[in-house]
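>>> fold the stuff below for me.
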Amino acid sequence: MQQNRKIFRFLLFLPLLVPAVLLFSIFFGTNDSRRSNKIVILYTNDIHTFINNRDAYDEKSAESLSYSALAAIKKDLEEQGAEVILVDAGDHLQGTAFGSVDKGETIIRLMNAAGYSLAVPGNHEFDYGIQRFFELAELAEFTYISANFYKTDTGKLLLPTYKIIEKGGKRIAFIGISTPESITKSTPVYFMDNNGNLLYNFYNSETKTTLCGSLQNTIDSIRGDADYIVALGHLGIDISSSPYTSREIIACTKGLDAFIDGHSHTLLEHEYVRDAAGNDVLLTQTGEYFKAAGKMTISENGTLTTEIITGFPITDPKVEKIEQEWITSLKQKFDEKIAVLDTEMFVTDPKNPEQRMIRNQETNLGDLLADSYYHYFNEILQLDCDTAFSNGGGTRNGIKKGFVSYLSAKTVLPFSDTLCIVEATGQQIKDALENGAIFAGLWDHSKNIPAESGGFQQVAGMTFEINTSVKSSVQVDENKIWLGPPTGRYKVENIRIYNRKSRQYEPVDLEKIYRVAANDYTLKNSGDGMAMFKKSKIIRDSVGKDHEILVNYLKAFKKGGDGFPHISTENSPLKSYENYLLNYENPYGSGRIKIKK
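As a prediction, the model looks like this:
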């Protein structure tokens, strides 16, 4: 009788058990192969403070990736017999309001709760200053590693070079590699003293000899103590990062088994790159913004394989609680509706979403941002601004059609850069445009080689052309900070400045003094290497945060019947500027920047 009751209970439970088994088989296979996946490395890169893989201000989808989903994946793999290591390849502390509001603290809490073991600092880990990075590193329960982040006066490395983790009877050594572009792609002055001398560096050398040699020494020193050596790097494959791309660093070293990469936001499940000894090294990267995570498996026979994970239906409740509390607190702070967007504003190319076109060409969002600065300095402050810049690298997200909130604006411009206006010659303006356009037109989709510049300037009160047939010869130092104009032809041509009196775009006078508005990152701090403005006379400093000035501009649009300003070309407060180029409805902008091939 007792045995019959047990059978009866099992039959009642069976309908609940079968869906659960099927659910996990969808994500991890229908056989017992998981039990032979003895060692698994889960990895992420370029999350940029997204809480999940939807827009940062949306509710979490049931199948989105997130820190809570990663924790659940890790736990499930461990329950199936795998030994799991969770690592991150950089750029997790900055990118949306979810990071910048408390300067990265909650992101560290989430990574702690998810169970990360290691991370390499990407360039944006330094966006709150060097001291803040070390404060956050102290809060981290995981280890930051970097084989090339050092103090210039002593040569002392500032983080552990590598860490060996033993799993499944095997010793896996992870070597951290930070991009030498951290100086120009964070804020250069953070790495300098008051005289512009570098206090910190990343073994920079135009021939990459120092970086390759240092990495090789590290590999050689641990080869006998490790079964596998994995580079955890934030280098990327973007041509603009040469000569420090992951492909180039693999090619100039020998002894790596795999390279987990970041920085270029590339979705690369696996690629084999030949090292200096002719051996294949597995290279992988997971894209950006929690759109995917990576799973590297070291099987019992020693082979390494990778796969991309794009969703998971289960979350860890403890981690999810931190996420939801953080989302709720920010919604309460920033969720006030301020306007209605009548058309979508783009960062990426709608025809090719993998390309961040705001770093290569004009976009409607780039126009909107530059216009907001131009409007503020002219109509609010009355400071006779001739032109305004908005650097493409500072614009992290587009804006969907519909209601726009303060959180939307903060998500577009998460770095909270302060705006200023300076006096600059027409020649300085030309040099800045040239420096930002050095990679325009070079994106090679056939070979999976991106080319973009965070210093590409979206503009207001100006038009210019880029001749992509001209190869850039801008003079820069080893940290890619501008030293002088190109030694050959300029790529940038036919610059015209809008004259608010004549209501016409007029050819730039290279010797004339103009008033230029932009963020202090570009005009004061040599951001993206823009050192041509370093000695410019500042007319007005610290006038407000970039996202606040964007909000001010949105509120200045004409209101619709619903009582909200409607963001469209016809409603723009700059519509009264006769012949001023405006077209917010076109994803590719209003024709201010023309690309010539």
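>>> next up, the contacts around the closest residue to residue 239 other than its chain neighbours.
Among residues not flanking residue 239 along the chain, residue 451 sits closest, at 4.2 Å (Cβ to Cβ, 6 or more residues apart in numbering). Placement of C-beta: from N, CA and C, glycine included. Residues counted as contacts of residue 451 (Cβ atoms under 8 Å, 6 or more residues apart in numbering) are 238-240, 360, 439, 442-444.
>>> again, only this time at 7 Å
238-240, 439, 442-443 (Cβ atoms under 7 Å, 6 or more residues apart in numbering).
>>> how near is it to residue 532?
Distance, residue 451 to residue 532, by Cβ to Cβ, to the nearest Å: 22 Å.
>>> next one: residue 197
Distance from residue 197 to residue 532, by Cβ to Cβ: 19 Å.
>>> quick one: residue 494 and residue 462 touch, right?
No - counting by Cβ atoms under 7 Å, residue 494 does not reach residue 462; the two are 10.9 Å apart.
>>> so between those two, which is more surrounded?
residue 462 (25 against 14; other Cβ atoms under 10 Å).
>>> show me what the spatially closest residue to the more buried one that is not a sequence neighbour bridges to in the sheet.
Spatial nearest neighbour of residue 462, excluding adjacent residues (Cβ to Cβ, 6+ apart): residue 387 at 4.5 Å. Counting by DSSP bridges, residue 387 is bridged to residue 516.
>>> what distance do you get for residue 387 to residue 432?
Going from residue 387 to residue 432 by Cβ to Cβ gives 10 Å.
>>> neighbour-wise, which of these two wins?
Set residue 387 next to residue 432 and count neighbours by other Cβ under 10 Å: residue 432 wins out with 27 against 23.
>>> so the more buried one, which state does it fall into?
Secondary structure, DSSP: H, G, I helix; E, B strand; the rest coil: residue 432 is helix.
>>> any idea how far it lies from residue 583?
24 Å.
>>> surely residue 560 and residue 566 touch.
Yes - here residue 560 lies in contact with residue 566, judged by Cβ under 7 Å, at a distance of 4.3 Å.
>>> find residues that contact each of the two.
Shared contacts of residue 560 and residue 566, defined by Cβ under 7 Å, 6+ apart, comprise residue 340.
>>> give me the more crowded residue out of the two.
Set residue 560 next to residue 566 and count neighbours by other Cβ under 10 Å: residue 566 wins out with 17 against 14.
>>> and the helix or strand the more buried one falls within, average pLDDT?
Secondary structure from DSSP states H and E places residue 566 in strand 566-567. The predicted model gives strand 566-567 an average pLDDT of 97.
>>> so what strands line up beside it?
For strand 566-567, the paired strands and their directions (DSSP bridges) are strand 337-341 (parallel).
>>> for the strand it pairs with, buried residues please.
By neighbour count on 16 or more other Cβ atoms under 10 Å, the buried set for strand 337-341 is 338-341.
>>> tell me the helix or strand right after it.
As assigned by DSSP H and E, the chain's next helix or strand after strand 337-341 is helix 364-375.
>>> helices and strands around that next one, which ones?
Other helices and strands packing on helix 364-375, by 3 or more Cβ pairs under 7 Å, 6 or more residues apart in numbering; DSSP states H and E, are strand 387-391, strand 457-460, strand 513-519, helix 546-555.
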